[in-house]
Every structure is written in structure tokens, then in C-alpha cells.
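1. Next one to model:
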Amino acid sequence: MEPNVGDKDLVEEPKEGMSFSSVEEVRTYYTKYAKQVGFGVTKRSSKVGDDGKVRYFTLACVRQGTSTSTSSNILKPRPMEHNGYKAKINVILGSEGEFCLTHVVLEHTHTLSPGKARYIRCHKRLDEPMKRRLEYNDMVGIQLSKNYNSCVVEVGGYENLTFGERDARNYIREVRLLRLGLGGAEALQNYFARMQAQNDGFYYVMDVDNETRLRNVFWADARSRVAYKSFGDVITFDTTYLTNAYKMPFAPFVGVNHHGQSILFGCGLISREDTDTFVWLFESWLKCMNGCAP
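-> Below you'll find the model as predicted:
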């Protein structure tokens, strides 16, 4: 049985016996169905044969088997109530190379939210046309909020957009830093090299992507490193949006000296405000301070 996916506005619910030509086709179909119904999708299990081909796999609701606290007192141990194992499809590779649905469960252990499905990670997607639109608008000076709203208008409403304003903001920040290009990255590195030649206590590290384009930068001078040894008991950290040549979030590490004055313990320019970027920044700063945490 082939799935009926011809209707742009309606994806047929999964049924045992449906067949697909590839793993990706199964995932695309089930993800579209999940977005329509109002849940997220994840791969739960799979098996690969000796020939490297996928033999079977299971796609399920992202909340399948999750646990919920049943205690109202946060100071006491929390008894956990398991939500069970439902909402999934089992897929097996057939003898003729097709992937068939052999077991389908449609029930969920939670309330479905079709109107909010676009906020679930697996449904977020920033495609190339939208990336180009965001980038071109940013290059001519259009504010991000207006830039994002133009995308909303183009697709006919928020519910039709596959990404949020935060995703657009993160993409634009990364593009702005990459816009530095080879010349900008070299200029920064040359400046840091000159500073280090003047004082070997100057520390810097530059993070680049797979195409050697600059992504994140961290630096600290000798004065900051010495001050940290005396006043590094407590640190404050935050990203600010000061106007700078790179139009990127400025990330300072700040402490307080014995006069109650703010002192700088290092700073960075970052392309994104996500977990990987912050981990890189904090590890770079800690290495700069010889591994001595506050």
C-alpha cells in the first residue's frame, strides 16, 4: 500500500502495509504526519546488516516513554509516573528492497498540539531560499524583526513558517561573523599576534568552521589573567549587544576588585548563542586561566 501524500494539506495516517523506497522517504512521510497531528519524531531503534544496509528501525513520538513527576513538593524526592510506550511505527526492509510498515501505534500518552508543532525541533527547518532572503535583507540594513516578519508574510502566516525568530537571529549572527572573510580573520589574528609579541601573557583563541572561516573568538590580556588570581572568587557572565564592527554578541567575563570596581577577566565575540558555542567559550576561558575555576 502506497501512502497518499499527494494532497498538500493532508497527510494520510500511517497504516500497516505501507511501503516506501528508502529510509529517508519513511522519515519524511512520518515527520510530515507528525507535524500535522501535533507531535515530534525521533528514531528509537534500528539494525544494520553486514552489508551496511538498514534492516529495520522504529520511529516514535519524542515523548514516548518519558516520565512525569507526581510530587507537588519539590523539596522531597519525586515519585515518577511513566507515560508508557505508544505512538510509533516499526519499519522492515522487504525482500525487494522496499521499506514496509509492519506495526503502527497511533495513540499518544500526552495531549497533541498541531498549532504548536512547528516549535518542536524536528519540524524546524531553515531552507536555502529563506537563508538567502534573511541574509540579503540583513546586508541592506533591514532590522531582524522586520526581516523575520517579511518571511512570515511571504509564506502566509506564522503557522506556515518552519523556523522561529530565534532561529533566524542565530543564523544572521553566524552569517555576520562569517562575513569577515579571510581578510577580516587575518586582520584579527595579526592584531592578536602583535599583542602577544608585546606581552607573552596575552592569550587568544580563534574558532573556525570546516571551511576555515572564523566562527568565534576569545581573548584576554596579561592584566586580566593576573587580576583573576586575586579576585576570581566570583564571576559574572552575560552576552551584550554592543555595536561593534562585527555586529556580534560581545561576551565578557567580569569580576569585582577590592575597591568594588568591575574588572575584565577576558571576553569574546560569538556567532551563536547555543550550547556548543558557550561550551567552547567557557572551556577556552578556563584554559586561559590555567584550569582554575572560580
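
2. tell me how far the longest helix seen in the chain is from the chain's mean position?
-> For the chain, the helix with the greatest residue count under DSSP state H is helix 181-198. When distances are taken as CA atoms, centre = their mean, to the nearest Å, helix 181-198 is centred 29 Å away from the chain's centroid.

3. Could I get the average pLDDT for it?
-> Taken as a whole, helix 181-198 carries a mean pLDDT of 76.

4. just the CA coordinates of that helix, formatted as CSV?
-> Taking C-alpha atoms only, helix 181-198 is exported to CSV below (Å, rounded to 0.1, in the frame of the first residue of the first chain):
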residue,chain,number,x,y,z
GLY,A,181,36.0,36.6,5.3
LEU,A,182,39.7,35.7,5.0
GLY,A,183,40.8,39.3,5.2
GLY,A,184,38.9,40.1,8.4
ALA,A,185,40.1,36.9,10.1
GLU,A,186,43.7,37.6,9.1
ALA,A,187,43.4,41.1,10.4
LEU,A,188,42.2,39.9,13.8
GLN,A,189,44.9,37.3,14.0
ASN,A,190,47.6,39.8,13.0
TYR,A,191,46.4,42.1,15.8
PHE,A,192,46.4,39.4,18.4
ALA,A,193,49.9,38.3,17.2
ARG,A,194,51.2,41.8,17.7
MET,A,195,49.6,42.0,21.2
GLN,A,196,51.2,38.7,22.1
ALA,A,197,54.6,39.8,20.8
GLN,A,198,54.4,42.8,23.1
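
5. what about stretch 151-163, distance to the chain center?
-> The answer for stretch 151-163 is 20 Å, by CA atoms, centre = their mean.

6. Could I get the buried residue list for it?
-> Cys151, Leu161, Phe163 (16 or more other CB atoms under 10 Å). Heads up, the C-betas are built off the backbone N, CA and C, glycines and all.

7. Endpoint to endpoint, it covers what distance?
-> 10 Å (CA to CA, to the nearest Å).

8. i'd like the first residue to be 548 from this point on
-> Sure thing, new numbering starts at 548, so read that last one as stretch 698-710.

9. quick revisit: what's the longest helix of the chain packed up against?
-> Secondary-structure packing of helix 728-745 (3 or more CB pairs under 8 Å, 6 or more residues apart in numbering; DSSP states H and E): strand 750-755, strand 761-767.

10. Give me the angle between the last one and helix 728-745.
-> Think strand 761-767. Strand 761-767 and helix 728-745 meet at an angle of 20 degrees, taking axes from the mean of the first three to the mean of the last three CA atoms, to 10 degrees as the criterion.

11. just checking, what packs against strand 761-767?
-> For strand 761-767, the elements it packs on are helix 712-725, helix 728-745, strand 750-755, strand 809-816, helix 822-835, judged by 3+ CB pairs under 8 Å, 6+ apart.

12. so can I have JSON lines of these showing distance to Glu675?
-> Listed next are the helices and strands packed on strand 761-767 as JSON lines, based on distance: least, CB to CB, whole Å:
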{"stretch": "helix 712-725", "distance to Glu675": "11"}
{"stretch": "helix 728-745", "distance to Glu675": "20"}
{"stretch": "strand 750-755", "distance to Glu675": "22"}
{"stretch": "strand 809-816", "distance to Glu675": "26"}
{"stretch": "helix 822-835", "distance to Glu675": "22"}
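
13. Lys590: which of those is closest?
-> Proximity to Lys590 (CB to CB) singles out helix 822-835 among the helices and strands packed on strand 761-767, at 21.1 Å.

14. Measure how buried the nearest residue to Leu828 once chain neighbours are set aside is and give me the count.
-> Spatial nearest neighbour of Leu828, excluding adjacent residues (CB to CB, 6 or more residues apart in numbering): Gly815 at 5.4 Å. For Gly815, the neighbour count with other CB atoms under 10 Å is 25.
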